[in-house]
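*Asks:* compute the structure for the input listed below.
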Amino acid sequence: MSKKISEPICYNCVVKELSAFKHLSQEEAESLFLDKACNLYKKGDIIYYEGHRLRGVYCVYKGKLKLYKTGPEGKQQIIRFAKPGDLIAFRSILSGEAACTTAQALEDVVLCQIPAQVFLNLARNNSNFSMALIKLSCKELGESNKFILDLAQKSVRERLAEALLLLLDYFETDDDGFINVTLTREEIASIVGTATESIIRLLSEFKKDGLVELKGKKIKILDLKKIEKIANI
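*Replies:* Numbering: from 1, shown residues only. Have a look, this model is predicted:
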């Protein structure tokens with residue numbers, strides 16, 4: 001259940017420079033502030049479901065989310081994550097199609113929702129903003145293609161090592177050196193594309209070999225070069 005909150009001001013928003021909205025003019029940003037709505041979602045909340053028609057685009061102001069697809073038997077496959085400054089659902093709005101993923105809060109998140117027509121008008125009238133969206137779309141497509149190739153050609157051990165590197169690169173580390181996102185073993189299995197039992201076993205092996213440190217759901221990479229070698233990037 002979302003909760004409406006006080007809205008960040010778009011033209012001096014702290015995450016503006018992290019998003020495609022950095023290409024907006026002062027006038028466009030001021031207008032956007034009047035049209036958007038901001039809501040707080042609690043950890044575990046579903047923002048939207050795969051297959052649903054969406055009313056707008058979301059910009060992440062605070063917190064982290066996962067975006068996943070659901071298989072015929074209800075099994076999740078995490079496609080990507082989102083953090084402050086990221087846009088989600090924009091490709092569905094641009095294409096006029098239903099949502100291709102489900103978005104769920106990994107922790108308490110604050111999202112700014114921009115109505116579809118407002119977003120499309122910005123894309124039509126601001127070429128720099130449009131180009132930024134094209135680059136984002138191409139980046140996501142490239143990541144999807146690489147994921148498909150990895151599933152076909154890499155072992156589970158290699159994919160787990162690569163997943164840890166991707167999480168490290170995307171979320172960085174906290175003050176104690178742990179990857180700055182909390183994921184269940186099931187969620188990690190969903191990233192890698194394997195059974196939860198396999199992830200539990202492999203993480204235990206990585207720990208035994210001195211490659212990682214495990215603290216509850218948190219993971220710290222201790223030997224980056226060996227993880228990179230295992231990942232076979």
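*Asks:* quick check: Ala116 vs Ser127, distance?
*Replies:* Plainly put, Ala116 is 20 Å away from Ser127 if you go by CB to CB, to the nearest Å. Bear in mind the C-beta positions are built from the backbone N, C-alpha and C, glycine included.
*Asks:* ok, the residue nearest to Asn232 when sequence neighbours are not counted - contacts?
*Replies:* Distances taken as CB to CB, 6 or more residues apart in numbering place Glu158 nearest to Asn232, at 5.1 Å, with adjacent residues excluded. By CB atoms under 8 Å, 6 or more residues apart in numbering, the residues touching Glu158 are Asp150, Ile230, Ala231, Asn232.
*Asks:* farthest pair in those?
*Replies:* Spanning the widest gap among the contacts of Glu158 are Asp150 and Ile230, at 13.1 Å by CB to CB.
*Asks:* show me which of those two is the more surrounded one.
*Replies:* Counted by other CB atoms under 10 Å, Asp150 and Ile230 do not tie: Ile230 has more neighbours, with 22 against 19.
*Asks:* contacts for stretch 73-88, please.
*Replies:* Taking CB under 8 Å, 6+ apart as the rule, stretch 73-88 contacts 15-20, 47, 57-71, 101, 103, 106, 133, 136, 140, 143-144, 147, 170-171, 181, 187, 190-191, 193.
*Asks:* okay, domains of the chain per the record?
*Replies:* Annotated domains of the chain cover 3-150, 154-231 [automatic domain parsing].
*Asks:* report the central residue of the protein.
*Replies:* The centre of the chain sits closest to Phe81, judged by CA atoms, centre = their mean, with a distance of 1.6 Å.
*Asks:* of the contacts of stretch 73-88, grab the buried ones for ChimeraX.
*Replies:* Here is the ChimeraX command that selects the buried residues among the contacts of stretch 73-88 (16 or more other CB atoms under 10 Å):
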select :15,16,19,20,47,57,58,59,60,61,62,63,64,65,66,67,68,101,103,106,133,136,147,170,171,181,187,190,191,193
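*Asks:* related to what we said a few turns ago, confidence score at the residue nearest to the centre of the chain?
*Replies:* Here, the pLDDT recorded for Phe81 equals 94.
*Asks:* so for the lengthiest helix in the chain, mean pLDDT?
*Replies:* Secondary structure of the chain per DSSP state H: the longest helix is helix 127-153. Per-region confidence: helix 127-153 scores 85 on mean pLDDT.
*Asks:* and the direction of the very next helix or strand once past it versus that of helix 127-153, what angle?
*Replies:* Note on helix 127-153: by DSSP states H and E, the next helix or strand toward the C-terminus is helix 156-171. Put simply, helix 156-171 runs at 160 degrees to helix 127-153, going by axes from the mean of the first three to the mean of the last three CA atoms, to 10 degrees.
*Asks:* CA-only coordinates of helix 156-171 in CSV, if you can.
*Replies:* Taking Å, rounded to 0.1, in the frame of the first residue of the first chain, the C-alpha atoms of helix 156-171 are listed here in CSV:
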residue,chain,number,x,y,z
VAL,A,156,26.0,-22.0,-12.2
ARG,A,157,29.3,-21.3,-10.3
GLU,A,158,30.4,-18.8,-13.0
ARG,A,159,27.0,-17.1,-13.1
LEU,A,160,27.0,-16.7,-9.3
ALA,A,161,30.4,-15.1,-9.3
GLU,A,162,29.3,-12.8,-12.1
ALA,A,163,26.1,-11.9,-10.2
LEU,A,164,28.1,-11.0,-7.1
LEU,A,165,30.3,-8.7,-9.3
LEU,A,166,27.3,-7.1,-10.9
LEU,A,167,25.7,-6.5,-7.5
LEU,A,168,29.0,-5.0,-6.2
ASP,A,169,29.2,-2.7,-9.2
TYR,A,170,25.6,-1.6,-9.1
PHE,A,171,25.0,-1.2,-5.3
